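Chemist: heads up, no residue letters with this:
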């Protein structure tokens, strides 16, 4: 009896793999591990503060002694965990430095990288020369959006290989059923930081809510994921402004609670200022049946298509006017909700899983056809 090839999914050292404390990368790794495709997968990561996700094999890795910095300590512990039973493929999430560290020390095992953030802000990928070596030094690189692919290849004259666009996925079976009668609520969900447009949401709601009797607004999240998210100066300054605008701030909530809130809310806003690498919150809002207000920064436009109303987070009057117009137009909200649900099906696990399988299979084939990338034979 033959067994499916094995994949070790390696999370960044600070990413928790547990309900209530996992960020987007941990949730994505869980879906990848549960995909019943061509491969069997095990997730490796730092021991989480609570029991790990059920239904996905997990191998905890505790950083130990290794000469050098934090990535070497964590990477060395990953190597120790892998070596008793080397997988057919090692798949690193969002850490170019960790992927190159492992590739240099696993010369007979293909190592790939899945990027979900801008590589130009990451160690070992900041310059065109570094990004060129990254593309040449791994068995494969996938990016969650074409926007990220452009950032990865920017300035690289002749990339050794083109990155594959592998969109983030949802498992629609796990989402709550959209409420038949939506609440007159406008929801912001995510990190409460300036890059995500949290203050823009507060300012826009402050202008819009006085014109919308019976409507309320809620901002769910904290500075970071987890119940121990700190009370930053930004949050302390935003709270009185939110109270004056009529925006409730319940703080961090587990992912399941966020999805439940979006499945009941009439409107969800994603007013990101920064160049979003993908925009998973926008996909979740569409899948939950909310009418979506969304900026067009980074990969958001390619993710949402025509299923969202565009807003400018730096134009509070325009943002507020869009809220008021959508809140007053039930037919428009219903049409957006239907378009959003249809759009979200493109990102369901059964739609994305075969692309993941192809990425993995082609990486293994490429690696052994070429006897491994050149960088794997060189020390760091």
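Modeler: Yep, it's here. A quick note: this is a predicted structure, and the numbers were derived from the prediction, not measured.
Chemist: Let me see the domain layout of the protein.
Modeler: For the chain, automatic domain parsing gives the domain ranges 6-169+349-377, 172-347.
Chemist: Name the residues that touch the helix or strand hosting residue 284?
Modeler: Using DSSP states H and E, residue 284 falls within helix 280-287. Residues outside helix 280-287 that contact it (Cβ atoms under 8 Å, 6 or more residues apart in numbering) are 24, 28, 168, 170, 172, 175, 189-190, 258-259, 262, 268, 270, 292, 294, 300, 303-304, 307-308, 340-341, 343-344, 347. Glycine gets a C-beta too; all of them are placed from N, C-alpha and C.
Chemist: residues in contact with the helix or strand just after that helix?
Modeler: Sequence order places strand 291-294 as the next helix or strand after helix 280-287, per DSSP H and E. If you take Cβ under 8 Å, 6+ apart as the criterion, strand 291-294 is touched by 266-271, 279, 282, 285-286, 300, 304, 307-311, 319, 322-323, 326, 332-334, 336-337, 340.
Chemist: one more time with 7 Å
Modeler: Contacting residues not belonging to strand 291-294 are listed as 266-270, 282, 285-286, 300, 304, 307-311, 322-323, 326, 333, 336-337, 340 [Cβ atoms under 7 Å, 6 or more residues apart in numbering].
Chemist: in the protein, which ranges drop under the pLDDT threshold?
Modeler: The chain contains residues with pLDDT under 70 at 1-2, 226, 371-380.
Chemist: Okay, helices next: where are they in the stretch 151-300 of the chain?
Modeler: For the stretch 151-300 of the chain, the helices defined by DSSP state H, counting those that start in this stretch cover 198-208, 233-245, 255-264, 280-287, 300-304.
Chemist: helix or strand right after the shortest one?
Modeler: Going back to what we said before, that points to helix 300-304. strand 309-310.
Chemist: And that next one, how far out from the chain middle?
Modeler: 21 Å (Cα atoms, centre = their mean, to the nearest Å).
Chemist: For that strand, name the packing helices and strands.
Modeler: strand 291-294 (3 or more Cβ pairs under 7 Å, 6 or more residues apart in numbering; DSSP states H and E).
Chemist: partners of the strand it packs on, with directions?
Modeler: Applying DSSP bridges, strand 291-294 is found paired with strand 265-270 (parallel), strand 309-310 (parallel).
Chemist: nearest residue to residue 215 other than its sequence neighbours?
Modeler: residue 184 (4.6 Å; Cβ to Cβ, 6 or more residues apart in numbering).
Chemist: How many residues are close by the one you found?
Modeler: A count of neighbours around residue 184, defined by other Cβ atoms under 10 Å, yields 13.
Chemist: So how do I select the buried members of the contacts of helix 280-287 in ChimeraX?
Modeler: Entered in ChimeraX, the line below selects the buried ones among the contacts of helix 280-287, by 16 or more other Cβ atoms under 10 Å:
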select :24,28,168,170,172,175,189,190,258,259,262,268,270,292,294,300,303,304,307,308,340,341,343,344,347
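Chemist: buried ones in the helix holding residue 284?
Modeler: Here helix 280-287 shows 280, 281, 282, 283, 284, 285, 286, 287 as buried, counting by 16+ other Cβ under 10 Å.
Chemist: Return the residues in contact with the closest residue in space to the last one that isn't next to it in sequence.
Modeler: So the one you mean is residue 287. Nearest residue to residue 287 in three dimensions, chain neighbours excluded: residue 344, at 3.7 Å (Cβ to Cβ, 6+ apart). When contacts are counted by Cβ under 7 Å, 6+ apart, residue 344 is found next to 170, 283, 286, 287.
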